[in-house]
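Trainee: Any chance you could fold what I've pasted below:
(one chain, ligands or ions: 1)
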Amino acid sequence: MTRSDHARNTAPSAYPQDDDASESDGVRTVPCPPSWRVVSEAMLTRWLAGRPVGRLGDMLREFGPRLWTADGPSVDFYGFPYPTRMVVARLADGSAWVWSPVALTPELERAVEAVGPVRNVVSPNKIHHLFLAEWATRWPAARLHAPPGLAARKPELRFDVELGDAPDPAWADEIDQVLFRGSFALEEVVFFHRPSRTAIVCDLVQRHDPAHLTGWKRWLMRLDGVVGEQGSTPREWRASFWRRHPARAARERVLAWKPDRLIVAHGACASGGATPILSRALAWL
Ligand SMILES: [Fe+2]
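Mentor: The predicted structure is shown next:
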């Protein structure tokens, strides 16, 4: 049995539907900021110290052709739950491309190995780095890709490449990317997986499940514009984009991809209609 055969036989085979793509029964993952607060380095550090909660799931779920997700546990920050998610893609060379990795468990390690050897690990923005070290330790030959600012912020991590608008040659034939510039607080790289026509968005668009929120927490997060199918960019982060022109140009590139599917790190993914969803979510630009 080849590695590909093994992967096909061990990975889940059903693509997720809209109504189950936001399940939070996954594995531990990267905390996300409570979006009504002003973004700052100090706050980001505190967010990253958030307490992981929720039960472990750990296995990959097939989202599209050669594309999988793994959900992490919600992270508690002052009582606010942030369910999160990672992505694994199998590139044409048989290797695994890993986006925003969550905490590595034996079950997740086996599932990712079934996809292929990890050769590239990507942090899409500078606050989704919490578990990079353990992935780098497990796959020392993997190259680590940092968004602008992260290598200086986390010098103890061994980054090989800084992400920009041009996709790395290792994945350029299959995955495109664009950097949302213009924020003094946080810039993010958005990806497009061509084989599945999937846009992969981290914190720039958040679609938290209102069923996982109650009372004033749900009210505050709705106020911040990050709940449900109308979810968007946290309002305080929008305010940090003092230069809108480069971010608007990035948005146009994303829409020009005409993605069908959408993966977000926090909340509901979409198995169709991604282009109008993103057009609406990024209309504030
Ligand atoms: Fe996040």
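Trainee: Can you give me the buried ones in the longest helix along the chain?
Mentor: Longest among the helix segments of the chain by residue count, using DSSP state H, is helix 244-256. For helix 244-256, the neighbour count (16 or more other Cβ atoms under 10 Å) marks 246-247, 250-251, 253-255 as buried. Where you see a C-beta, it was placed from the backbone N, CA and C, and this is true even at glycine.
Trainee: check contacts around Arg66.
Mentor: Contact analysis of Arg66 by Cβ atoms under 8 Å, 6 or more residues apart in numbering lists 89-91, 193, 195-196.
Trainee: Apart from its chain neighbours, what residue comes closest to it?
Mentor: Setting aside the residues directly before and after it, Arg66 is nearest to Arg90 in space (Cβ to Cβ, 6 or more residues apart in numbering), at 4.3 Å.
Trainee: What are the boundaries of the strands in the stretch 1-150 of the chain?
Mentor: Using DSSP state E, counting those that start in this stretch, the strands of the stretch 1-150 of the chain run over 51-52, 61-64, 67-77, 80-90, 96-99, 118-122, 143-146.
Trainee: With mean pLDDT, distance to Leu108 and mean neighbour count as extra columns, can I get those in JSON lines?
Mentor: Below are those laid out as JSON lines (pLDDT from 0 to 100; distance: least, Cβ to Cβ, whole Å; neighbours: other Cβ atoms under 10 Å):
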{"stretch": "strand 51-52", "mean pLDDT": "38", "distance to Leu108": "14", "mean neighbour count": "14"}
{"stretch": "strand 61-64", "mean pLDDT": "95", "distance to Leu108": "12", "mean neighbour count": "21"}
{"stretch": "strand 67-77", "mean pLDDT": "82", "distance to Leu108": "6", "mean neighbour count": "24"}
{"stretch": "strand 80-90", "mean pLDDT": "87", "distance to Leu108": "9", "mean neighbour count": "25"}
{"stretch": "strand 96-99", "mean pLDDT": "98", "distance to Leu108": "10", "mean neighbour count": "26"}
{"stretch": "strand 118-122", "mean pLDDT": "98", "distance to Leu108": "11", "mean neighbour count": "23"}
{"stretch": "strand 143-146", "mean pLDDT": "97", "distance to Leu108": "18", "mean neighbour count": "22"}
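Trainee: Minimum distance to Thr233: which of those has it?
Mentor: strand 80-90 (15.1 Å; Cβ to Cβ).
Trainee: Pro83 and Thr105: what is the separation?
Mentor: 17 Å (Cβ to Cβ, to the nearest Å).
Trainee: got it, and Trp68?
Mentor: Taken as Cβ to Cβ, the span from Trp68 to Thr105 is 15 Å.
Trainee: low-confidence ranges in the stretch 1-150 of the chain?
Mentor: 1-58, 76-78 (pLDDT under 70).
Trainee: still on that earlier bit, of the buried residues of helix 244-256, which is the nearest to Ala211?
Mentor: Proximity of the buried residues of helix 244-256 to Ala211 was ranked by Cβ to Cβ; the top entry is Val254 with 28.0 Å.
Trainee: pretty sure that closest one is touching Ile277, no?
Mentor: No - when contacts are counted by Cβ atoms under 8 Å, Val254 is not listed as touching Ile277 (11.0 Å).
Trainee: if we can go back for a sec, nearest to the ion among the strands of the stretch 1-150 of the chain would be which one?
Mentor: Proximity to the ion (Cβ to the ion) singles out strand 80-90 among these, at 6.1 Å.
Trainee: which other helices and strands contact that closest one?
Mentor: strand 67-77, strand 96-99, helix 106-115, strand 261-264 (3 or more Cβ pairs under 8 Å, 6 or more residues apart in numbering; DSSP states H and E).
Trainee: what lines up beside the second one in the sheet?
Mentor: It stands for strand 96-99. strand 80-90 (antiparallel), strand 118-122 (parallel) (DSSP bridges).
Trainee: and whichever strand or helix holds Trp219, which residues are buried?
Mentor: Trp219 belongs to helix 215-223 when assigned by DSSP states H and E. Neighbour-count burial for helix 215-223 flags 218, 220-222 (criterion: 16+ other Cβ under 10 Å).
Trainee: Dump these to TSV, plus distance to Ala283.
Mentor: Rendered in TSV, the data for the buried residues of helix 215-223 read as follows (distance: Cβ to Cβ, whole Å):
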residue	distance to Ala283
Arg218	23
Leu220	22
Met221	19
Arg222	17
